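Visitor: Provided below for reference: sequence and predicted model.
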Amino acid sequence: MNAYTDFAEVYDTFMDNLPYEEWADVMDGLIRRWYESPGSEQKQDGGKLSVVDLGCGTGVITRLMAKKGYDMMGVDLSADMLAVAVRHQEAEGSAPLYVCQDMCSLDLGAAADVFISAGDCVNYLLEDQDLEDMFEGVYRHLVPGGLYIFDFNTLHKYRDVIGEATIAESRENCAFIWENWFDVDTRINEYNVTIFAASEESDREELSEGRGVFLRSTETHYQKGYTTSEMTGLAEKAGFETMQILDGDDHGPEREDSGRVRIVLRRRKDL
């Protein structure tokens, strides 16, 4: 089964513990620090900065950044995740544009001031060539001096923290079992997600009483663990400058045991 199909419908429910607002604040702060017009989300000519949320999923970060005043576009490979994003957008009255594309073969038709990727979407790229294609595509779509700010799960996290872990959660109308297997040789983490979601025929009273009908589905995902030097090396090969490297959780300096790392890249002005 393709990744993020059935899981798309319950993704936000199970990921509600992620610090999305904190991540958006960090992204905003890094843009203000490193973009050409420091201290403002506005361009020097008074227009909004254009920001592409690459691997946007259900668009949580996309909408939060739009509320901060950025002109947002969300890009994701999963049409199911984008369908959820559009529903949220309509409910909230926000106005990001969503595009269904592969992050390794971008063709957006216009340049942006900033690209961002929050979460572990770049870990879905399992080959160096995939990462090279992604970095080159982002580079082509950035204005000179533009930024790419992204984070990723480290090799340490897959190998030493979650590699053989099983995670299970249950909510009122859905539950999942998340089983991980890490291959040391390939550095690929395989995880199977088994989802139990309440059918539309089950009402709230039935669910509260432990009754109702739950539908079972399974998805298999593959992610790869990378080191920071591998990421920056491939990014710099595409032409980027590495401006800053941070621990992706506490936002301080990267540590040996960092499970998530955030990197700020800048497109060179003159090549």
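Guide: Here it is on my side, so go on. The model shown is predicted, which means the values in this text are computed figures rather than measured ones.

Visitor: what are the ranges of the strands in the stretch 151-271 of the chain?
Guide: When assigned using DSSP state E, counting those that start in this stretch, the strands of the stretch 151-271 of the chain occupy the ranges 166-170, 174-183, 188-198, 214-224, 240-247, 260-267.

Visitor: Can you give the contact residues for the second one?
Guide: To tie it back to what came earlier, the one meant is strand 174-183. Residues lying outside strand 174-183 but in contact with it, judged by C-beta atoms under 8 Å, 6 or more residues apart in numbering, are 7, 10, 13-14, 158-159, 162-169, 188-198, 214, 225. To be clear about C-beta, it is placed using only N, CA and C from the backbone, and glycine gets the same treatment.

Visitor: what are the C-alpha coordinates of that strand, in PDB please?
Guide: Taking C-alpha atoms only, strand 174-183 is exported to PDB below (Å, rounded to 0.1, in the frame of the first residue of the first chain):
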ATOM      1  CA  CYS A 174      -9.000   5.300  16.100                       C
ATOM      2  CA  ALA A 175      -5.900   3.400  17.100                       C
ATOM      3  CA  PHE A 176      -2.600   2.400  15.600                       C
ATOM      4  CA  ILE A 177       0.300   0.000  16.000                       C
ATOM      5  CA  TRP A 178       3.600   1.300  14.700                       C
ATOM      6  CA  GLU A 179       6.300  -1.400  14.300                       C
ATOM      7  CA  ASN A 180       9.900  -0.500  13.400                       C
ATOM      8  CA  TRP A 181      12.800  -2.500  12.000                       C
ATOM      9  CA  PHE A 182      16.200  -1.000  11.300                       C
ATOM     10  CA  ASP A 183      18.800  -2.400   8.900                       C
END
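
Visitor: low pLDDT regions in this structure?
Guide: 1-17, 36-47, 90-94, 200-212, 270-271 (pLDDT under 70).

Visitor: The contacts of strand 174-183, buried ones only, as a ChimeraX selection?
Guide: With 16 or more other C-beta atoms under 10 Å as the criterion, this ChimeraX line picks the buried residues out of the contacts of strand 174-183:
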select :7,10,14,158,159,162,163,188,189,191,193,195,197,198,225
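
Visitor: if I look at Glu219, how far off is Ser199?
Guide: Look at Glu219 and Ser199: by C-beta to C-beta, to the nearest Å, they are 18 Å apart.

Visitor: Compare those two and say which is more crowded by neighbours.
Guide: A count of neighbours by other C-beta atoms under 10 Å puts Glu219 above the other of Glu219 and Ser199, at 18 against 10.

Visitor: measure Lys67 to Lys48 for me?
Guide: 12 Å.

Visitor: brain fart, Met81
Guide: With distances defined as C-beta to C-beta, the gap from Met81 to Lys48 amounts to 25 Å.

Visitor: With neighbour numbers in mind, choose between the two.
Guide: Met81 (25 against 14).

Visitor: Which helix or which strand is home to that one?
Guide: Assigning secondary structure by DSSP states H and E places Met81 in helix 79-92.

Visitor: Just the buried positions in the following helix or strand past that helix, please.
Guide: On the C-terminal side of helix 79-92, the nearest following helix or strand under DSSP H and E is strand 97-100. By neighbour count on 16+ other C-beta under 10 Å, the buried set for strand 97-100 is 98-99.

Visitor: What pairs with strand 97-100, parallel or antiparallel?
Guide: The pairing partners recorded for strand 97-100 under DSSP bridges are strand 71-76 (parallel).

Visitor: Could you tell me how far the strand it pairs with lies from the centre of the chain?
Guide: Using C-alpha atoms, centre = their mean, to the nearest Å, we find the averaged C-alpha position of strand 71-76 to lie 12 Å away from the chain's own average C-alpha position.

Visitor: buried ones in it?
Guide: By neighbour count on 16+ other C-beta under 10 Å, the buried set for strand 71-76 is 71-76.

Visitor: Other residues contacting it?
Guide: With C-beta under 8 Å, 6+ apart as the contact definition, strand 71-76 has outside contacts at 47-57, 59, 62-63, 65-66, 82, 85, 96-101, 103, 106, 108, 112.

Visitor: Quick check: the nearest residue to Asp247 once chain neighbours are set aside vs His221, distance?
Guide: Distance criterion C-beta to C-beta, 6 or more residues apart in numbering; nearest residue to Asp247, sequence neighbours excluded, is Ser258 at 4.6 Å. In this view, Ser258 and His221 are 22 Å apart by C-beta to C-beta.
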